[in-house]
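A.B. asks: For reference, the sequence and a predicted model appear below.
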Amino acid sequence: MRDIDVSEVTRVVRQMCIDANYELSKDMQTALNNAQNAEESQLGKQIFSQLQKNLVIAKEDQIPICQDTGMAVFFVKVGQEVHFTGGNLTDAINEGVRQGYTDGYLRKSVVGDPLIRKNTGDNTPAVVHYDIVPGDVVTITCAPKGFGSENMSRVFMLKPADGEEGVKNSIVQAVKDAGPNACPPMVVGVGIGGTFEKCAEMAKEALTRPVGEHSDIEYVREMEKEVLDMINATGIGPAGLGGRITALAVNINTYATHIAGLPVAVNICCHVNRHVTREI
C-alpha cells in the first residue's frame, strides 16, 4: 500500500490547468503543422497561419490559447494499492482547479446551477471520472473543454440494424450540423456501445488520445480513417470558410452493449484540443 497526501494532487492539478491552457500538447501541434501543409485553400492556409501565430503568442507571453478556458474535465486512474491521506480526493482536485484558474488568470466559466446561472467565481466544480486500476500509481488527465464545440456534440441511440454505415453517417451528420460553430479544424471523439451515459464518457475520453494514434481494433482503426476522409470531404474547412481540412482526427472508443441497442456519442473539440497527463 502506498500513501499519497491529497495536497500533492492539488499541487499537480493546479499546474495542469495552467499548462493545458497556455500550450497545446505536442501531438496537437504536430497535427496542426501537418494540416497546414495539406490545406489547399489559400484562405484556409491563412487561417492556419493565424492559429499558429496565436499558439506562439500564448506560449511566449503565458496567456491562454483561447478566451474560453473551458470547464475542467478529469480522467483519474487510481491504482488500487494507493491510500489517500489528508482529505478527500475530489475536494483536492477541485482545490487544484480553483488555484490553477485563479493563479493562471484563466477565465472563470462555471455556473453553480444550470438555471440560476450564478458564476462560482473559481471554475469549480470540475467534472471527474474515476477508474480503479491495478498498481500504486495515480494517472491524472486534465482536459479543459470549451463550450463552443461542446454544444455541438450529439448522442444517437441507433438500432442494431443501422450497423456500421449508420454509425459513420451519424458521425458525419453531427460534424455537418456543427459546421463553423465548433471552430474547425476539429478533433472528433466518438463512443460506440455501452449505454446512453457510457458512450458519452467514451467519446469525451477519446479526445484525450494523442492525435495520430489509432484504435488497436482493426475495424475501428479503419473506420477512424474512413470517417476522417468523409468529414474532410464536406468542404467545411478551417473556421468553416471552406477548404480541405475540417478535422484533424477521428478517435473512436468502443464498449460492449445490449442486444437491442447501438448507442453512439459524438463529442467534438475545436482545434484547441487541450489535454495534459501526469502521474503521481
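C.D. replies: Arrived safely.
A.B. asks: can you give me the helices in the stretch 101-250 of the chain?
C.D. replies: Along the stretch 101-250 of the chain, counting by DSSP state H, counting those that start in this stretch, helices occupy 147-150, 163-178, 196-206, 218-232.
A.B. asks: With mean pLDDT as new columns, can those helices be given to me in a markdown table?
C.D. replies: Shown next, in a markdown table, are the helices of the stretch 101-250 of the chain (pLDDT from 0 to 100):
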| stretch | mean pLDDT |
| --- | --- |
| helix 147-150 | 97 |
| helix 163-178 | 98 |
| helix 196-206 | 98 |
| helix 218-232 | 98 |
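A.B. asks: between the ones you listed, which gets nearest to Asn267?
C.D. replies: The closest of these to Asn267 is helix 196-206. By Cβ to Cβ, the value is 3.8 Å. No exception for glycine: its C-beta is placed from N, CA and C like everyone else's.
A.B. asks: Flag every buried residue along that closest one.
C.D. replies: Residues of helix 196-206 classed as buried under the neighbour-count rule (16 or more other Cβ atoms under 10 Å) are Lys198, Cys199, Ala200, Glu201, Met202, Ala203, Lys204, Glu205, Ala206.
A.B. asks: returning to what we had before: including distance to Lys45, could the helices of the stretch 101-250 of the chain go into CSV?
C.D. replies: Below are these laid out as CSV (distance: least, Cβ to Cβ, whole Å):
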stretch, distance to Lys45
helix 147-150, 22
helix 163-178, 21
helix 196-206, 28
helix 218-232, 15
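A.B. asks: out of the ones you listed, nearest to Ile4?
C.D. replies: Among those, the nearest to Ile4 by Cβ to Cβ is helix 196-206 (22.7 Å).
A.B. asks: if we can go back for a sec, tell me the most buried of the helices of the stretch 101-250 of the chain?
C.D. replies: Most buried of the helices of the stretch 101-250 of the chain, by mean neighbour count (mean count of other Cβ atoms under 10 Å): helix 196-206, with a mean of 21.
A.B. asks: Quick one: list the elements packing against that helix.
C.D. replies: The helices and strands touching helix 196-206, judged by 3 or more Cβ pairs under 8 Å, 6 or more residues apart in numbering; DSSP states H and E, are strand 127-133, strand 154-158, strand 186-194, strand 247-257, strand 262-269.
A.B. asks: any idea which helix or strand carries the nearest residue to Thr124 once chain neighbours are set aside?
C.D. replies: Leaving aside its sequence neighbours, Thr124 sits nearest to Asn94 (Cβ to Cβ, 6 or more residues apart in numbering; 4.6 Å). In the assignment (DSSP states H and E), Asn94 maps to helix 89-103.
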